[in-house]
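Participant: Based on what follows, work out the 3D shape:
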Amino acid sequence: MAKGCQHTLKKEVKVAGIGLHTGEKVYMTIKPAPQDFGICFKRIDDGKEAIIPATYSNVCFTQLCTTIGIQTSEGMKTVSTIEHLMAALFGLGVDNALIEIHGPEVPSMDGSAAPFYSIMKKAGLRPQNSPRKFLKIKKRVAISIDDKEISIEPANHFLVDFEIDFDHSLIEKQRFISKINSKCFERHIARARTFGFLHEVEYLRKNGFARGGSLENAVVIGENGVLNGDGLRFPDEFVRHKVLDLIGDLYLLGYRILGKVVSKKSGHTLHNALTHELIAQKDAWELVEAHGKWPIPGIFVPSIKEKVEMPHPIPSPA
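Facilitator: Okay, the predicted model is just below:
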């Protein structure tokens, strides 16, 4: 069994679907990548290919989804709604992958990370020679905007404590607390779907959002309950999906986390703000390697071997 090493897919997988916000048909291929490559997207739909590393510093838009982009000679190249796929890559234990995408937005599938997770799990993982690296949190870092807040603090594992509070009788306050590992992700998080309120749909579509949204790829909440015929997948599916988004957004750090994240009503904007603030505080973290036996998919409970130098994709703060 591979010891504390990075993993990529054994073979490429193909995915097709409708973008949640653009409503466009998208074709995507998730390919194996070399060790220390990280997760990168490659736009291939206009004949002018652009590789966009999936890093927090490339996030350019955080309203209702997470969008990454880079400036090219032809203008800004972006890929949006990447958070569910990023969460699936994290949950399965994929460190390196090249995602070729024919379109501006990752397919919504059923609104969760489960379809991505399942198809990649079926393809299998291949261990690589480089060690897997972790961001070990050394001191608490916190960010707040109005009544929303998020913090990260030292812990020996990756832990999440997430609370939401919506003014709707179906949701109200929900809280999810757990150590996040591959077993937890597959059983309790991956299938949780994105959600929205029926009264907001018309406004969102007029403003360029949710044009591909339907009961097939989102939980839609009306005045008296869920409109989806099959109901909810979990009694607290709403907060579980917020945890899914958080996991995907934090994987844009480029490494797995050894720390506890506590969130109250946070979303993509606050998640990205936390990543920037964390990396800016150089005494708040260190990059470490792990050793020991790693199953496939990896359980994120490493023993610390040594401190290592900080490579790409986390740059020094400007």
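Participant: alpha carbons only for contacts and neighbour counts from here, please
Facilitator: OK.
Participant: Sort out which residues of stretch 62-79 are buried, please.
Facilitator: Applying a neighbour-count criterion of 16 or more other CA atoms under 10 Å, the buried positions in stretch 62-79 are 62, 65-70, 77-79.
Participant: same deal with stretch 135-145?
Facilitator: Judged by neighbour count using 16+ other CA under 10 Å, the buried positions of stretch 135-145 are 135-138, 141-143.
Participant: and it, what's its mean pLDDT?
Facilitator: Throughout stretch 135-145, pLDDT has a mean value of 97.
Participant: quick one: it to chain centroid distance?
Facilitator: For stretch 135-145, the distance from its own C-alpha centre to the chain's C-alpha centre is 18 Å (CA atoms, centre = their mean, to the nearest Å).
Participant: what about dumping the CA coordinates of that stretch to PDB?
Facilitator: Listed in PDB are the C-alpha atoms of stretch 135-145, where the atom choice follows Å, rounded to 0.1, in the frame of the first residue of the first chain:
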ATOM      1  CA  LEU A 135      -1.600  22.800   5.700                       C
ATOM      2  CA  LYS A 136      -1.200  22.500   9.400                       C
ATOM      3  CA  ILE A 137      -3.000  25.400  11.200                       C
ATOM      4  CA  LYS A 138      -0.900  26.900  14.000                       C
ATOM      5  CA  LYS A 139      -3.100  29.700  15.300                       C
ATOM      6  CA  ARG A 140      -6.700  30.800  14.900                       C
ATOM      7  CA  VAL A 141      -7.700  33.000  12.000                       C
ATOM      8  CA  ALA A 142     -11.200  34.500  11.700                       C
ATOM      9  CA  ILE A 143     -13.200  36.600   9.200                       C
ATOM     10  CA  SER A 144     -16.600  38.100   9.600                       C
ATOM     11  CA  ILE A 145     -19.000  40.100   7.400                       C
END
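Participant: Using the three-state scheme, assign Phe188.
Facilitator: Small correction: residue 188 is His, not Phe. Three-state secondary structure (criterion: DSSP: H, G, I helix; E, B strand; the rest coil) places His188 in helix.
Participant: Might you report the residue contacts of it?
Facilitator: Arg240 (CA atoms under 8 Å, 6 or more residues apart in numbering).
Participant: what's the answer for Gly225, then?
Facilitator: Gly225 makes contacts with Leu170, as judged by CA under 8 Å, 6+ apart.
Participant: Quick check: it vs Glu200, distance?
Facilitator: For Gly225, the distance to Glu200 equals 15 Å [CA to CA, to the nearest Å].
Participant: For Pro127, the count of nearby residues, please.
Facilitator: Using other CA atoms under 10 Å, Pro127 has 21 other residues around it.
Participant: in a strand, that's where it is, yeah?
Facilitator: Yes - counting by three-state DSSP, one finds Pro127 located in a strand.
Participant: how much space between it and His7?
Facilitator: 4 Å.
Participant: what does Lys183 give?
Facilitator: 17 Å.
Participant: out of those two, which sits in the more crowded spot?
Facilitator: Relative neighbour count places His7 above the other of Lys183 and His7, with 30 against 15, counting by other CA under 10 Å.
Participant: list the contacts for the more buried one?
Facilitator: Under the criterion of CA under 8 Å, 6+ apart, the contact partners of His7 comprise 35, 93-96, 125-128.
Participant: three-state assignment of it?
Facilitator: The three-state assignment at His7 reads strand, by three-state DSSP.
Participant: Can you give me the pLDDT of it?
Facilitator: For His7, the model assigns a pLDDT of 97.
Participant: Break the protein down into its domains, please.
Facilitator: Following the assignment in automatic domain parsing, the chain carries domains at 5-130, 134-307.
Participant: show me what contacts the residue most central in space within the chain?
Facilitator: For the chain, the residue lying nearest the average C-alpha position, counting by CA atoms, centre = their mean, turns out to be Gly248 (1.0 Å). For Gly248, the residues meeting the contact criterion (CA under 8 Å, 6+ apart) are 82-88, 90.
Participant: Which residue ranges of the protein form helices?
Facilitator: Per DSSP state H, the chain carries helices over the ranges 83-92, 114-123, 182-184, 201-206, 237-250, 268-280.
Participant: thinking again about what came up before, now tabulate the contacts of His7 in CSV and tack on pLDDT and distance to Ile150.
Facilitator: Converted to CSV, these look like this (pLDDT from 0 to 100; distance: CA to CA, whole Å):
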residue, pLDDT, distance to Ile150
Gln35, 97, 32
Gly93, 97, 25
Val94, 98, 26
Asp95, 98, 25
Asn96, 98, 28
Leu125, 98, 33
Arg126, 97, 35
Pro127, 97, 34
Gln128, 97, 34
